[in-house]
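# I would like to see how this sequence folds:
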Amino acid sequence: MVYFVRAATFRHEGNENVTIEDRQGQARSITKQLETDLGIIRPKTNHLHRFEITNDSQSDWTLERIIKSCSCIVANMSATTIQAGHSEYLTMELSAGESSEDVVRSVGIVFQEDRAPMVVLRLRAEIRNEVTVDPPAFFQRVMEGGEVKTFSCVANNYSSAKWDSIQAASTADWLSVRIAPIAHVPRSTSAENLPLQSWQLMCQVDSTGLSTGTKQAFVHLYPFGSNSKKAAATIPVSLSIEPNVEVVPTQLFFGSVTRGNKVIRQLELRFTTLADLPDPNRLAFQHDFGSALALELERAQGKVWILSASYCPGPDEQTGIVRGRVVLDFAYTNKHNVADIKMRDQRLKSVKAVNVSQCIEQSQLSHTTPKYESVEFEVMARILK
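Predicted coordinates:
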């Protein structure tokens, strides 16, 4: 860890020696290091500790400057000079942050005399709420259509009294929680940095019935057997539901097209399901652009297919912007996928659709029960004269 303060460089690694460069760039060695462990402290609290610094040399030490590793520290010397054979005090105040974490804060004292050592003072502390959760938050990715994932965390009781248990309440139906106590060696005194009690939380998310996108929920923990009615801890859970098939890019844009001229564009269909994809020859395409639009699907690499689309407006096609939607309805089982693509023009009120079940029957897959998914993307072109 490196701290830059004015012309000084304050370096320290755990209990290793610390060096500091003076204004001439010469390193001063450290012969005095003092450390105190405050143990467990609460967030948003202030804690004072006084260090005694003894000058055991034959000459006085004159204070030049104090280097702090963090702005959360206030450090004051009882005197600007420590006479030979005497002691003075540095009072160090630590302001705990809002979150639970282990902290080490340091102060370096630099004296004017070249032969005087640099003194490093350290405060250690474990900032803990009464209930501390590790890890404190979760982000999970699942596939749409019912994928289930399980993850766990540990809730620790750092209060001064035991609870009968803790209760968990989820804010979403797709998030469930089970709680089980964890046995460990109890604390004998309040000074030991161990939780009084611990519980394991088994959390489960289920994407069944959820649309793609990001969902947010919370798990609220309540001590059972304590006087507090407020949630002792809150665990945020973010759930990202990924589609079974992605269309890249999301828009099939032909640009400016003149009557009688063909324009070809391509996009990728990236399937992420575990099922195999069908033979492209078994796919049925239907759209409302007549012979002006031709679609062809071919296998690329892995589960990525290439959709090639050619658009050639006829001489009677009206000029202007043409918009439409492509809806990809696909059915997959544990053995096969059957998909059909249909084109819908937003200018029309009714759309003809290919019956996916008929495709399955024609492909001799009627003995299986398919699962249906769909994805759609936009088609746009500007027709010129």
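
# so where do the strands sit in the stretch 151-300 of the chain?
Applying DSSP state E, counting those that start in this stretch to the stretch 151-300 of the chain gives strands spanning 165-170, 175-182, 197-206, 213-224, 233-242, 245-248, 251-258, 263-271, 284-286, 293-299.

# Quick one: these as JSON lines, columns for mean neighbour count too.
For every residue, glycine as well, the C-beta is placed using N, CA and C. Below are the strands of the stretch 151-300 of the chain laid out as JSON lines (neighbours: other Cβ atoms under 10 Å):
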{"stretch": "strand 165-170", "mean neighbour count": "16"}
{"stretch": "strand 175-182", "mean neighbour count": "14"}
{"stretch": "strand 197-206", "mean neighbour count": "18"}
{"stretch": "strand 213-224", "mean neighbour count": "16"}
{"stretch": "strand 233-242", "mean neighbour count": "18"}
{"stretch": "strand 245-248", "mean neighbour count": "16"}
{"stretch": "strand 251-258", "mean neighbour count": "15"}
{"stretch": "strand 263-271", "mean neighbour count": "17"}
{"stretch": "strand 284-286", "mean neighbour count": "15"}
{"stretch": "strand 293-299", "mean neighbour count": "16"}
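
# so where is the protein shaky, pLDDT-wise?
1-31, 184-192, 226-231, 273-287, 299-300, 329-374 (pLDDT under 70).

# the domain parsing of it - what is it?
2-127, 131-242, 245-384 (automatic domain parsing).

# excluding its backbone neighbours, what's nearest Tyr311?
Phe254 (4.8 Å; Cβ to Cβ, 6 or more residues apart in numbering).

# Run through the residues that contact that neighbour.
When contacts are counted by Cβ atoms under 8 Å, 6 or more residues apart in numbering, Phe254 touches Val263, Arg265, Ala309, Tyr311, Val379, Met380, Ala381, Arg382.

# Same list (these) but as JSON lines, adding secondary structure and distance to Glu98.
Below are the contacts of Phe254 laid out as JSON lines (DSSP: H, G, I helix; E, B strand; the rest coil; distance: Cβ to Cβ, whole Å):
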{"residue": "Val263", "secondary structure": "strand", "distance to Glu98": "58"}
{"residue": "Arg265", "secondary structure": "strand", "distance to Glu98": "52"}
{"residue": "Ala309", "secondary structure": "strand", "distance to Glu98": "54"}
{"residue": "Tyr311", "secondary structure": "strand", "distance to Glu98": "57"}
{"residue": "Val379", "secondary structure": "strand", "distance to Glu98": "51"}
{"residue": "Met380", "secondary structure": "strand", "distance to Glu98": "49"}
{"residue": "Ala381", "secondary structure": "strand", "distance to Glu98": "55"}
{"residue": "Arg382", "secondary structure": "strand", "distance to Glu98": "55"}
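
# Great, nothing more from me.
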